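Visitor: From the sequence below, what's the structure:
(chains A and B)
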Amino acid sequence: DAGVIQSPRHEVTEMGQEVTLRCKPISGHNSLFWYRQTMMRGLELLIYFNNNVPIDDSGMPEDRFSAKMPNASFSTLKIQPSEPRDSAVYFCASSFYGGEQFFGPGTRLTVL
Amino acid sequence: GDSVTQMEGPVTLSEEAFLTINCTYTATGYPSLFWYVQYPGEGLQLLLKATKADDKGSNKGFEATYRKETTSFHLEKGSVQVSDSAVYFCALTQGSQGNLIFGKGTKLSVKP
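Guide: Numbers count the residues shown, from 1 in each chain, chains lettered A, B, ... in the order given. Alright, predicted model coming up:
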């Protein structure tokens, strides 16, 4: 298996632009997690899905952030409009029924 | 709420030195405990885990024992190598949902 796939690996955008991050979980996994990593705040869970249904989005910073999982093999995290403070590395992870989480390589987002 | 506290880094050691990274947790119930490792430019990888009190997780020469009486899960390795240089995260999860709560991470640098 290719593991969790994230795209793009790097994204540089200007303040106010829309940003869409993509994740393909490992085939057969039913849970998907979005994390954000910054120097100041460490690793934070933004949202997670079980069987494509959002379970807990309390970590989503504000209404500018939204996440979808239209099917078992694809999820997006969208920021609109983006702000410089959104600059971070965003990780996607997947697991099978609460087991070990497998992380993708991350998307490094820079908002100028 | 549940939380994880791990020692501040960075930690710098010489090759073959003994490593301890302290981790304590606050949680209701009986969490599962994990150590994840993040190599430069990569996502997190599970290093070891323990699911109940007195369990010892081990992998690649690293060990950690789930101590309920001290709410601790300290990571140890008897002889570190340069290739162990990475950031180490202690984490916990409750129940079957699987959402991880991470510590801030401890950066380890091993010098030849």
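
Visitor: Name the nearest residue to B:Thr51, sequence neighbours excluded.
Guide: B:Ser32 (4.6 Å; Cβ to Cβ, 6 or more residues apart in numbering or on different chains). For the C-beta atoms, the positions are set from N, CA and C on the backbone; glycine is no exception.

Visitor: Can you report how many residues neighbour the one you found?
Guide: Applying other Cβ atoms under 10 Å in any protein chain shown, we find 21 residues neighbouring B:Ser32.

Visitor: residues in contact with residue 6?
Guide: I'll assume chain A. Contacts for A:Gln6 were tallied using Cβ atoms under 8 Å, 6 or more residues apart in numbering or on different chains; they are A:21-24, A:90-92, A:104-107.

Visitor: Sorry, I should have been clearer: chain B.
Guide: Going by Cβ under 8 Å, 6+ apart, B:Gln6 touches B:21-24, B:88-90, B:103-106.

Visitor: Neighbour-wise, give me the winner out of those.
Guide: Within the contacts of B:Gln6, neighbour counts (other Cβ under 10 Å) peak at B:Cys90, which reaches 28 neighbours.

Visitor: so what's the closest residue to it other than its chain neighbours bridging to?
Guide: Of all residues not flanking B:Cys90 in the chain, B:Cys23 sits nearest, at 3.5 Å (Cβ to Cβ, 6+ apart). Each beta-bridge partner of B:Cys23 is listed here, defined by DSSP bridges: B:Gln6.

Visitor: Correct me if wrong: B:Cys23 contacts B:Glu76.
Guide: No. With contacts defined as Cβ atoms under 8 Å, B:Cys23 does not count as touching B:Glu76, sitting 10.9 Å away.

Visitor: where do the contact lists of these two overlap?
Guide: Among the neighbours of B:Cys23, those also in contact with B:Glu76 (Cβ under 8 Å, 6+ apart) are B:Ala64.

Visitor: ok, back up a step: could you export the contacts of A:Gln6 as CSV, including secondary structure and neighbour count?
Guide: Formatted as CSV, those follow (DSSP: H, G, I helix; E, B strand; the rest coil; neighbours: other Cβ atoms under 10 Å in any protein chain shown):
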residue, secondary structure, neighbour count
A:Leu21, strand, 21
A:Arg22, strand, 16
A:Cys23, strand, 25
A:Lys24, strand, 18
A:Tyr90, strand, 22
A:Phe91, strand, 26
A:Cys92, strand, 28
A:Gly104, coil, 25
A:Pro105, coil, 17
A:Gly106, coil, 24
A:Thr107, strand, 21
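
Visitor: Can you tell me which of the residues you listed comes closest to A:Glu62?
Guide: Within those, distances to A:Glu62 taken as Cβ to Cβ reach their minimum at A:Tyr90, with 15.3 Å.

Visitor: Bridge partners for that closest one, pull those for me.
Guide: On DSSP bridges, the residues paired with A:Tyr90 through beta bridges are A:Arg36, A:Thr107.

Visitor: which regions of chain B sit below the pLDDT cut-off?
Guide: Low-confidence regions of chain B, defined by pLDDT under 70, span residues B:95-98.

Visitor: Show me what from it comes close to chain A.
Guide: By the criterion of Cβ under 8 Å from any Cβ of the partner chain, the positions of chain B lying close to chain A are B:41-46, B:49, B:89, B:93, B:95-105.
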